[in-house]
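Q: Sequence plus the predicted model coming up.
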Amino acid sequence: MTEKKDLLIEIGTEELPANNLSKLLEGFRTLFLQELNNASLHYTTVEGFITPRRLALKITALDNEQPVRKVVKRGPTLKAAYTTDNEPSPALLGFLKSCNASLEALTTIENEKGTWLIYEEQVPLQKTKNLIPGMLTGALDKLPAPKKMYWGSHPKPFVRPIQWINILFGNHAIPATIYGIKTINHSYGHRFHYPQSIPLPSVEAYENTLYEVGYVIASFSKRKLLIDKAMQNTAEALQLKPIANEALLEEVTGLVEWPAILIGHFDKNFLTLPQEVLITSMQNHQRCFALVDKNENLAASFVIVSNIESNQPESIIQGNEKVMHARLQDAVFHYEHDLKTSLQALAPKLKTVTFQKGLGSLADKSVRLSTISTALAGSLQADEQQAKTVAYLSKADLLTNMVGEFPELQGIMGKYYALHAKEPKAVAQALEEQYLPRFSQDKLPRTKQGIIIALSDRIDNIIGVIGLSAIPSGDKDPFALKRQALAIMRIIIHHKLPLCLTTCAELSVTAYGKLMKNTNIINEFVHFCFERLKAFLLEKKIPATIFEAVRVNQITAPYDFYLRIQAVMRFLQLPEATSLSAANKRVKNILNKQELTLHKEPINTDLLIEPAEKQLVATLHAVQEIFENLYQAQQYGSALEKLTIFKEPIDLFFEQVMVMTEDKNLQANRLQILLQVHTIFTAIADISLL
């Protein structure tokens with residue numbers, strides 16, 4: 001049995017990008033394990049560690065050496081291996097040379113493409129310790145990062161300059177030179193608390209030694225949990241609680257190795273600012289957490305996550321408070337300056353701001369939004385004049401100082417400035433809601449005017465890009481159109497809106513006028529939106545077969561489409577579903593074989609001879625009107641349930657009736673029966689595809 005040893009790899013660096021540590025660690029872990037798997041080296045567990053200054057893996061029970069491996073090399077086909085004179089061909093001779101083998105050492109293998117010559121080679125085992133430096137270099141070379149750095153005279157770039165590399169295998173250091181850096185046999189502690197070297201007695205002792213000696217919590221998840229709990233406890237002692245922000249918590253965890261929680265305060269007069277301004281300033285500028293009281297009112301306090309357990313914490317607090325005061329004073333200046341000019345006065349200046357090259361200015365966009373919003377307001381029984389006002393003012397806050405400082409406050413500041421200018425509350429609320437949802441699981445706009453402008457804005461964006469023939473493909477989506485398309489579908493479905501995507505697209509294309517060069521815009525828009533819905537539903541565990549069964553009917557109203565999806569899922573739970581699906585597949589195949597397209601005509605009851613066809617037609621006549629009423633009322637689930645009555649009549653029909661009889665009149669009549677059965681079974685979704 002192969003001997004097993006534990007492995008530790010630690011890459012010490014300058015401060016890594018704080019908001020990317022989790023992805024960096026996962027990338028390193030995945031790539032190094034790929035190297036181990038490619039080398040046929042087995043292990044039991046793997047644990048990753050990452051802090052601002054180190055990236056590490058601990059792998060337990062790793063094979064001490066590679067197993068003896070058989071490598072199979074495939075050469076030319078047997079046919080191509082010999083000339084017409086039965087002499088070895090150049091291809092065969094080249095293969096023998098590359099393998100350093102004789103002709104007698106070759107064997108053959110057969111597959112669907114023919115017979116091939118192969119050479120099987122026994123690869124001798126290698127010690128794992130000799131392979132690790134190369135595997136580590138391979139993993140580091142492939143490690144993805146937005147930008148890599150060169151430093152000094154080192155030959156290869158990395159995320160940040162590497163300061164040390166420590167490799168322990170079986171508690172013995174592996175000497176190597178990686179990225180021009182010689183490996184060492186120790187680690188280092190916290191930059192300020194314990195900057196000295198730290199000998200590691202064993203791989204297993206890595207995490208505890210760094211914690212007990214070096215003032216380093218190496219585990220990202222443990223550090224994050226500690227920060228979260230310490231914040232909650234510290235705030236609770238003041239009868240406050242921090243505002244949850246997962247992204248900020250991740251980033252702060254990536255900034256510290258030895259977190260210490262402190263509370264700072266600011267002048268209560270700053271609370272007159274909109275709370276979103278205060279929260280954004282605290283989070284974005286200072287990486288601090290805002291606090292609220294039991295009534296969810298913002299407190300004049302904030303949480304500082306320090307990387308030093310100081311003997312004089314008041315110095316750290318005072319430094320943060322001083323900077324926070326300056327930041328909030330800037331915010332007051334911007335806010336008061338913005339209040340001097342109304343959104344109505346700013347809107348005309350949007351003529352000077354380009355929306356997108358080839359698509360006019362933001363003022364042009366506002367005009368288009370007015371056209372779309374007015375039409376949607378009419379469809380949704382909303383105030384059309386308010387819809388026009390919202391569209392006209394929707395992008396005006398982009399010209400304010402506050403949004404210039406904090407772009408993420410677009411819409412939010414528009415709401416405050418609209419309320420200050422005595423605009424209707426519905427208008428102000430819509431200005432904020434226009435950007436909802438901001439991501440796939442974000443909340444949706446709630447008010448009618450918010451829904452209208454949110455839809456209008458995204459429709460205009462997507463149609464404009466499609467019109468420029470710049471629809472995203474693959475992973476590239478610079479305009480975030482996939483997210484916007486999903487937002488359109490989510491809003492319409494959640495609010496049960498009777499909107500058709502084709503009609504929405506036509507409104508937008510008309511508003512763009514001559515700017516649109518792509519002649520297939522509307523179809524591409526509808527297809528693009530439904531593809532986003534398909535991906536969303538797949539995440540919700542709704543099978544693609546159900547989606548395609550409904551999509552085949554070319555439904556362009558998202559809510560109606562979703563009702564059909566729900567109905568089909570309900571139908572599939574019925575015991576008759578499988579049999580009816582199979583029967584309709586058979587019906588579809590028979591109809592598809594007809595050279596001429598069949599047209600729906602009355603069934604000739606005088607030509608009904610067999611009892612089974614009489615029963616099927618009777619069932620058809622009994623169900624059609626009920627089904628049609630349920631269909632018109634969009635009660636698709638109940639409508640599909642009514643079709644279960646067809647199970648026995650269809651089965652008997654296929655058992656006892658010859659459809660393609662020599663009597664052409666009988667044949668035509670029986671095909672008409674099947675056509676009408678097929679029509680009713682595909683009205684909601686193509687059941688045969690299930």
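A: Happy to help now that I have it.

Q: Please enumerate the strands of the stretch 151-300 of the chain.
A: For the stretch 151-300 of the chain, the strands defined by DSSP state E, counting those that start in this stretch occupy 162-169, 172-173, 177-178, 181-182, 186-188, 197-199, 241-242, 260-265, 289-292, 298-306.

Q: Just name the most buried of the ones you listed.
A: strand 289-292 (a mean of 22; mean count of other C-beta atoms under 10 Å). Where C-beta positions appear, they are placed from N, C-alpha and C, glycine not excepted.

Q: Give me the contact list for that one.
A: 231, 235, 238, 240-243, 245, 248, 278-279, 282-283, 298-299, 301-303, 305 (C-beta atoms under 8 Å, 6 or more residues apart in numbering).

Q: Kindly recompute the last result at 10 Å.
A: Under the criterion C-beta atoms under 10 Å, 6 or more residues apart in numbering, residues 227-228, 231, 234-235, 238-245, 248-249, 252, 261, 263-265, 275, 278-283, 298-305 lie in contact with strand 289-292.

Q: With just CA atoms, put that strand into CSV.
A: The C-alpha trace of strand 289-292 is given here as CSV (Å, rounded to 0.1, in the frame of the first residue of the first chain):
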residue,chain,number,x,y,z
PHE,A,289,-20.9,49.1,8.8
ALA,A,290,-23.8,51.4,9.5
LEU,A,291,-25.9,50.8,12.6
VAL,A,292,-29.6,51.1,13.3
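
Q: Paired strands for it, with orientation please.
A: Sheet pairing of strand 289-292 (DSSP bridges) gives strand 241-242 (antiparallel), strand 298-306 (antiparallel).

Q: Within the helices and strands, which one has Leu7?
A: Assigned by DSSP states H and E, Leu7 falls within strand 4-13.

Q: orientation of that strand relative to strand 162-169 in degrees?
A: Put simply, strand 4-13 runs at 180 degrees to strand 162-169, going by axes from the mean of the first three to the mean of the last three C-alpha atoms, to 10 degrees.

Q: which other helices and strands contact strand 4-13?
A: helix 21-38, strand 45-51, strand 54-63, helix 128-142, strand 162-169, strand 186-188, helix 206-212 (3 or more C-beta pairs under 10 Å, 6 or more residues apart in numbering; DSSP states H and E).

Q: List the buried residues for the fourth one?
A: Right, helix 128-142. 128-129, 131-133, 135-137, 139-140 (16 or more other C-beta atoms under 10 Å).

Q: So which of these is the closest to Ile542?
A: Nearest to Ile542 among the buried residues of helix 128-142 is Ala139, at 37.7 Å by C-beta to C-beta.

Q: wouldn't that closest one be in contact with Phe32 here?
A: Yes - using C-beta atoms under 10 Å, Ala139 is in contact with Phe32, at 4.2 Å.

Q: which neighbours do the two share?
A: Jointly contacting Ala139 and Phe32 under the rule C-beta under 10 Å, 6+ apart are 9, 57.

Q: one step back: Throw the buried residues of helix 128-142 into CSV and include distance to Pro424, thanks.
A: Shown next, in CSV, are the buried residues of helix 128-142 (distance: C-beta to C-beta, whole Å):
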residue, distance to Pro424
Thr128, 72
Lys129, 74
Leu131, 71
Ile132, 68
Pro133, 69
Met135, 65
Leu136, 64
Thr137, 64
Ala139, 59
Leu140, 59
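
Q: how about a markdown table for those residues, with distance to Val213 and pLDDT added?
A: Below are the buried residues of helix 128-142 laid out as a markdown table (distance: C-beta to C-beta, whole Å; pLDDT from 0 to 100):
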| residue | distance to Val213 | pLDDT |
| --- | --- | --- |
| Thr128 | 28 | 93 |
| Lys129 | 26 | 94 |
| Leu131 | 31 | 94 |
| Ile132 | 26 | 96 |
| Pro133 | 27 | 96 |
| Met135 | 29 | 96 |
| Leu136 | 25 | 97 |
| Thr137 | 29 | 95 |
| Ala139 | 28 | 96 |
| Leu140 | 27 | 95 |
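
Q: Could you dump the strands of the stretch 151-300 of the chain into TSV with mean pLDDT and distance to Lys351 added?
A: Listed next are the strands of the stretch 151-300 of the chain as TSV, based on pLDDT from 0 to 100; distance: least, C-beta to C-beta, whole Å:
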stretch	mean pLDDT	distance to Lys351
strand 162-169	96	52
strand 172-173	93	67
strand 177-178	94	57
strand 181-182	94	57
strand 186-188	96	58
strand 197-199	96	63
strand 241-242	96	43
strand 260-265	97	44
strand 289-292	97	37
strand 298-306	97	37
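
Q: Dump those into TSV; add distance to Asn461 as well.
A: Listed next are the strands of the stretch 151-300 of the chain as TSV, based on distance: least, C-beta to C-beta, whole Å:
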stretch	distance to Asn461
strand 162-169	43
strand 172-173	56
strand 177-178	47
strand 181-182	48
strand 186-188	50
strand 197-199	54
strand 241-242	35
strand 260-265	40
strand 289-292	32
strand 298-306	33
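
Q: how about the residue of the chain most remote from its centre, what does it touch?
A: When each C-alpha in the chain is compared with the mean C-alpha position (C-alpha atoms, centre = their mean), Asp85 comes out farthest, at 60.9 Å. Asp85 sits next to no residue when contact means C-beta under 10 Å, 6+ apart.

Q: what secondary structure does it sit in?
A: Taken by DSSP: H, G, I helix; E, B strand; the rest coil, the conformation at Asp85 corresponds to coil.

Q: how near is it to Leu106?
A: 19 Å (C-beta to C-beta, to the nearest Å).

Q: same thing with Asp397?
A: 75 Å.

Q: So which of these two has more stuff around it?
A: Shown here are Asp397 and Leu106; by other C-beta atoms under 10 Å, Asp397 has more neighbours (26 against 19).
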